[in-house]
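# Predicted model and sequence below, questions to follow.
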Amino acid sequence: MTQSVEPVCSRGADTPFTDHDLIGDLLGLTADAVAESLARYDLRTLGVMTETELKETGLTPARAHRLHRALELARRFAKAKPFPVGQQFLNPRQIFDAFHLRFRDEKREHFLVVLLDARHRIIREEVISIGSLTSSIVHPREVFAPAVRASAGAVILIHNHPSGEPSPSEDDIAVTRRLERAAEVLGIRILDHIIVGDGEYSSFKEMGLM
């Protein structure tokens, strides 16, 4: 079983800590004891496990509770808005970097719009819809209503593919075409449509699809 020890963080400043070292410090265990219970699981797997599932790995109820809360805090940190109002997104990679941790482990499609002013500075983001495993329902009215209310001059469209594969589907392309027509009528520019996958993305702008 597992054994309690003093915290293990005694390495030099330039020595990287393993995941097991850090979890051991959190739970008051040696890295070897952590590995005995959790060696089969990477951090992403642990991050979506319930407290009950963590107990089933061999951790005590108190340690499973502590780890579950720590992982929940890490998830919230990863999903915190990483950009201030007034910032500009300069390229698709920057947009992907800002959102991929929030969407990486989502099991349903989320479609959101980033509202920008006339100089393409961020006003705020709006979640438009949360759909199923493979699709989300998006109507131009829901996309552009917040843009009109905020007097936005441009928008960036973003949604995730829970499959992790970011290539645009035929539905993605059709939805974007419909939104482009509505944007033209309203005088609002769509700067890009970014599809967030697992570690990669697709940009309609970069692909020449808009």
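Good, I have the coordinates.

# Which segments of this structure make up each domain?
19-79, 92-203 (automatic domain parsing).

# Lowest average pLDDT across those?
In terms of average pLDDT, domain 19-79 trails the rest of the domains of the chain, at a mean of 85.

# Check for me that residue 46 belongs to a helix.
Yes: counting by DSSP: H, G, I helix; E, B strand; the rest coil, residue 46 is part of a helix.

# which ones are touching it?
By C-beta atoms under 8 Å, 6 or more residues apart in numbering, the contact set of residue 46 is 38, 54, 67, 71. Any C-beta I mention is one placed from the backbone N, CA and C, and that applies to glycine too.

# want to throw the residues you listed into CSV with neighbour count?
CSV is the format used below for those (neighbours: other C-beta atoms under 10 Å):
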residue, neighbour count
38, 24
54, 22
67, 22
71, 19
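
# and stretch 193-205, which residues are buried?
Residues of stretch 193-205 classed as buried under the neighbour-count rule (16 or more other C-beta atoms under 10 Å) are 193-198, 201-204.

# Give me the residues contacting that stretch.
With contact meaning C-beta under 8 Å, 6+ apart, stretch 193-205 is reached by 92-93, 95-96, 99-100, 103-104, 156-161, 163-168, 172, 176, 191-192, 209-210.

# Now that we have those, which of them are buried?
Listed as buried from the contacts of stretch 193-205 are 92, 95-96, 99-100, 103-104, 156-161, 166, 168, 172, 176, 191-192, 210; burial here means 16+ other C-beta under 10 Å.
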